[in-house]
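Chemist: no sequence for this one, just the structure:
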């Protein structure tokens, strides 16, 4: 039975086979959208060489995806509230597959960046509604497990990314990293069409003026920060930052007092939601200091090949996968304030241990700190995401779901730009500077999360 003809959604989740099929549809869609992010990170040095660009400029292959996703997530979450979360997921799958073909046939950095931007838009359609769908798939008493499973899929995609990239690059060109999305996308679309539940729809017109201000604000801020990172024009960067800041101020003023704002100022006014959002943002800034810089270190400094680089990066996400079943149970029993604080502290220690590794480390010297950091990151994510979802009213689930992805993507984008800045400014030991910054940022996020213990916030 198709989703459009499905029976009305039970008031507290799905049960039995219906839950499994619906969650499989969500999981496969999320896997598809995250897998490309993971494989492309490992392939950046190879792509930079093939399209004849610098290492710092090649990061735009990642940033184009993230920027497109970032500026469209909240509008798409609002649109999902109005047209249905399942329909938005299906649209995203179609766009993502088309963009993957365009990425594979690109021959220059501008072509590839443009195709990645379209791919990011498709991924945002999926990620803007995935947590909202989970909330309607699982009953309230098991929501922590559902969110943990969703986080497990993200971690599994990241875990598969280095291994898939290593395998593909050992046999074929980087273009095949995008072509593998075709069979996955087809299968995900089938289940999205047949298994996803109907969810409540909020009536009302779409806010195009606020959408334009949000796109202008976030886009100008991100590109302005990137201009600083690449030292490509201080005047232009300042103009973009002023335009971006002014657009965001105008947007906030418009959104204040609205019952269903595009920019969820009503949710950010809730202390528990606001703290969880900031913790998520800083957590992902910390992770990208490691994820983006480390392949360059492994390949260009430590002289590991593409295959070995992929394998050495795998323990990060494999550890997240291994702790996920335990974290799912803990998330339903203990507060996010405790779990996320401990997890981010462990992540910071892992990055610090990696920074203090010998100058010529063995593979084991690299693997075990990465595994420690990954376990901490796996402990941090699900409870923090649950805190964001459960502190929002149920009819605002779409916006809360979008903000979970905004925290992740904004953190990853800022982290990527800071990595580009460090790679451009630090002549020697840039990756070690990135690891130090990653550890510091993780400890800052842990301290911020710890304030929830003191104030009894979730």
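Modeler: Arrived safely, thanks for sending. Please read these numbers as outputs of a predicted model, since none were measured by experiment.

Chemist: drop to CA atoms for contacts and neighbour counts, all remaining ones
Modeler: Fine.

Chemist: tell me which residues are up against stretch 256-272.
Modeler: 74-75, 78, 207, 210-211, 214, 251-252, 255, 273-274, 387-388, 391-392, 396, 399-400, 452, 457-458 (C-alpha atoms under 8 Å, 6 or more residues apart in numbering).

Chemist: first to last residue in it, what's the distance?
Modeler: 19 Å (C-alpha to C-alpha, to the nearest Å).

Chemist: now which of the contacts of stretch 256-272 would you call buried?
Modeler: By neighbour count, with 16 or more other C-alpha atoms under 10 Å, the contacts of stretch 256-272 hold 74-75, 78, 210-211, 214, 251-252, 255, 273-274, 387-388, 391-392, 396, 399-400, 452, 457-458 as buried.

Chemist: low-confidence ranges in the stretch 151-300 of the chain?
Modeler: 155, 158-159, 162, 229-232 (pLDDT under 70).

Chemist: do you have the strands of it handy? List them.
Modeler: For the stretch 151-300 of the chain, applying DSSP state E, counting those that start in this stretch gives no strands.

Chemist: from the contacts of stretch 256-272, which ones fall inside helices?
Modeler: 74-75, 78, 210-211, 214, 251-252, 255, 273-274, 387-388, 399-400, 452 (DSSP state H).

Chemist: residue 327 and residue 379 touch, don't they?
Modeler: Yes - applying C-alpha atoms under 8 Å, one finds residue 327 in contact with residue 379, separated by 6.0 Å.

Chemist: and the longest helix anywhere in the chain, what's its mean pLDDT?
Modeler: In the chain, with assignment by DSSP H, the single longest helix is helix 16-50. Mean pLDDT, computed over helix 16-50, is 82.

Chemist: show me what counts as buried in it.
Modeler: 19, 21-48.

Chemist: just how off-centre is it within its chain?
Modeler: Remark: helix 16-50 is offset 11 Å from the chain centroid, using C-alpha atoms, centre = their mean, to the nearest Å.

Chemist: tell me how many other residues surround residue 235.
Modeler: Neighbourhood size, residue 235 [other C-alpha atoms under 10 Å]: 12.

Chemist: the one 3 residues further on too?
Modeler: Counted with other C-alpha under 10 Å, residues neighbouring residue 238 total 17.

Chemist: list the contacts for it?
Modeler: residue 224.

Chemist: ok, now how distant is it from residue 223?
Modeler: 10 Å.

Chemist: what values do phi and psi take at residue 264?
Modeler: phi -70, psi 70 (degrees, to the nearest 10).

Chemist: how much space separates it from residue 409?
Modeler: Taking C-alpha to C-alpha, one finds residue 264 at 17 Å from residue 409.

Chemist: check residue 311 too.
Modeler: As for residue 311, its distance to residue 409 is 25 Å (criterion: C-alpha to C-alpha).

Chemist: more crowded one of those two?
Modeler: residue 409 (26 against 20).

Chemist: show me what contacts that one?
Modeler: 66, 69-70, 284.

Chemist: with residue 347 instead?
Modeler: 372-377, 439, 442.

Chemist: again, 10 Å this time
Modeler: Each residue near residue 347 by C-alpha atoms under 10 Å, 6 or more residues apart in numbering is listed here: 283, 286-287, 353, 369-380, 438-439, 442-443, 446.

Chemist: same check, this time on residue 150
Modeler: Per C-alpha under 10 Å, 6+ apart, neighbours of residue 150: 23-24, 26-28, 30-31, 130-131, 134, 144, 156, 324, 382.

Chemist: between those, which is closest to residue 104?
Modeler: residue 31 (19.0 Å; C-alpha to C-alpha).

Chemist: pretty sure that closest one contacts residue 187?
Modeler: No - applying C-alpha atoms under 10 Å as the test, residue 31 and residue 187 come out as separate, 11.7 Å apart.

Chemist: now the common contact residues for these two.
Modeler: In contact with both residue 31 and residue 187: residue 25, using C-alpha under 10 Å, 6+ apart.

Chemist: got the phi and psi for residue 84?
Modeler: Torsion angles, degrees, to the nearest 10, at residue 84: phi 110, psi 130.

Chemist: quick check: neighbours shared by residue 238 and residue 223?
Modeler: residue 244.

Chemist: if we can go back for a sec, which residues are common contacts for residue 327 and residue 379?
Modeler: 148, 320, 339.

Chemist: run through the residues that contact residue 43.
Modeler: Neighbours of residue 43 in contact, by C-alpha under 10 Å, 6+ apart: 161-162, 165-166, 168-169, 173-174, 177, 295-296, 306, 309-310.

Chemist: one more time with 7 Å, if that's ok
Modeler: 165, 174 (C-alpha atoms under 7 Å, 6 or more residues apart in numbering).

Chemist: how far away is it from residue 349?
Modeler: 27 Å.

Chemist: next: residue 430.
Modeler: 19 Å.

Chemist: could you do residue 187 as well?
Modeler: 40 Å.

Chemist: over to residue 82?
Modeler: For residue 82, the distance to residue 349 - C-alpha to C-alpha - is 44 Å.

Chemist: neighbour-wise, which of these two wins?
Modeler: Taking other C-alpha under 10 Å, residue 82 and residue 349 do not tie; residue 349 has more neighbours (22 against 18).

Chemist: what's the mean pLDDT across whichever strand or helix holds the more buried one?
Modeler: Per DSSP states H and E, residue 349 falls inside helix 336-355. The average pLDDT within helix 336-355 is 91.

Chemist: list the buried residues in that helix.
Modeler: 336-355.

Chemist: ok, now stretch 406-415?
Modeler: 406-415.

Chemist: quick one, what contacts the spatially closest residue to residue 432 that is not a sequence neighbour?
Modeler: By the measure of C-alpha to C-alpha, 6 or more residues apart in numbering, the closest residue to residue 432 outside its immediate chain neighbours is residue 355, 5.9 Å from it. By C-alpha under 7 Å, 6+ apart, the residues touching residue 355 are 432, 435-436.

Chemist: got TSV for those residues, with secondary structure too?
Modeler: Listed next are the contacts of residue 355 as TSV, based on DSSP: H, G, I helix; E, B strand; the rest coil:
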residue	secondary structure
432	helix
435	helix
436	helix
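
Chemist: which of the residues you listed lies closest to residue 359?
Modeler: For these, the nearest to residue 359 is residue 432 (10.3 Å; C-alpha to C-alpha).

Chemist: number of nearby residues for the closest one?
Modeler: Around residue 432 there are 21 residues (other C-alpha under 10 Å).

Chemist: state the distance from residue 169 to residue 177.
Modeler: 8 Å.

Chemist: quick one: which of the two has more around it?
Modeler: residue 177 (23 against 20).
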